[in-house]
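Asker: Need a 3D model of the sequence below.
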Amino acid sequence: MFSNSRDIFKIETNHIGPAKGKVLISEPFLCDYIFGRSVILLVDHTQDGSMGLVLNKPLPISLNDIINGLELAEDIPLYQGGPISMDTLFYLHTLEGIPSALPISRGFYLNGDFSDIKQYIVQGGSIKGKLRFFLGYSGWGCKQLNQEIKENTWMVGKESVSTLMDETGSTTLWEHALGSLGEKYEMWSHFPQIPTLN
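Answerer: Residues are numbered from 1 along each chain as shown. Alright, predicted model coming up:
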């Protein structure tokens, strides 16, 4: 039980530090087009800054629309990875042996030689659970992310690679990620984003 019933409405960070491979979960009342109700995978975090990809903001276009030669029967979803370099394609994958791919965790990678990725797709390689595509990324300068966490903008969590790569769960990813932090956070996942509209 909570020591004070008012505590359940006090939005505060869970005091876990950010790191590569962890996720940022936005606080429930953050009203921002990209970052509101978002889950961001940190693909890099150093003393110089942080980089992440928003996982649950689908775009109204597909990869097929922007890449020539992908004449596939099924559209490949695209997500808005963040507000920086929105004309640049990023991709998460679990494909071994892609040249220049950057490891995030064991068997989980960012980018790499796109010609190999494209060849894999064109030859009929499975996309589901193995490849996700994003336009743009999210970035923070030195100490900026730590400051935003102190200001209770973000909670820090950890999700399995299979969950992060499951596009069918992207619409409920924020609720799932927040609720997995514990009872108090699970309650927050049901709060309206704009309380005055409730």
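
Asker: drop to CA atoms for contacts and neighbour counts, all remaining ones
Answerer: OK.

Asker: Starting from the helix or strand containing residue 87, tell me which strands it pairs with and how they run.
Answerer: Residue 87 belongs to strand 84-93 when assigned by DSSP states H and E. Applying DSSP bridges, strand 84-93 is found paired with strand 108-110 (antiparallel), strand 131-140 (antiparallel).

Asker: For residue 46, which of these is the nearest?
Answerer: Among the strands paired with strand 84-93, strand 131-140 comes nearest to residue 46, with 10.3 Å by C-alpha to C-alpha.

Asker: Residues touching that closest one, excluding its own?
Answerer: For strand 131-140, contacts defined as C-alpha atoms under 8 Å, 6 or more residues apart in numbering pick out 49-54, 63, 77-94, 165, 167.

Asker: any idea of the mean pLDDT in that strand?
Answerer: For strand 131-140, mean pLDDT is 98.

Asker: List the buried residues in it.
Answerer: Buried residues in strand 131-140, counted by 16 or more other C-alpha atoms under 10 Å: 131, 132, 133, 134, 135, 136, 137, 138, 139.

Asker: And stretch 150-169, by the same measure?
Answerer: If you call a residue buried by 16+ other C-alpha under 10 Å, then stretch 150-169 has these buried ones: 152, 153, 154, 155, 156, 157, 158, 161, 164, 165, 166, 167.

Asker: same for the lowest-mean-pLDDT helix or strand in the chain, what does it pack against?
Answerer: One helix or strand of the chain scores below all others by mean pLDDT, DSSP states H and E: helix 183-188, with a mean of 83. Under the contact criterion of 3 or more C-alpha pairs under 8 Å, 6 or more residues apart in numbering; DSSP states H and E, helix 183-188 touches helix 173-179.
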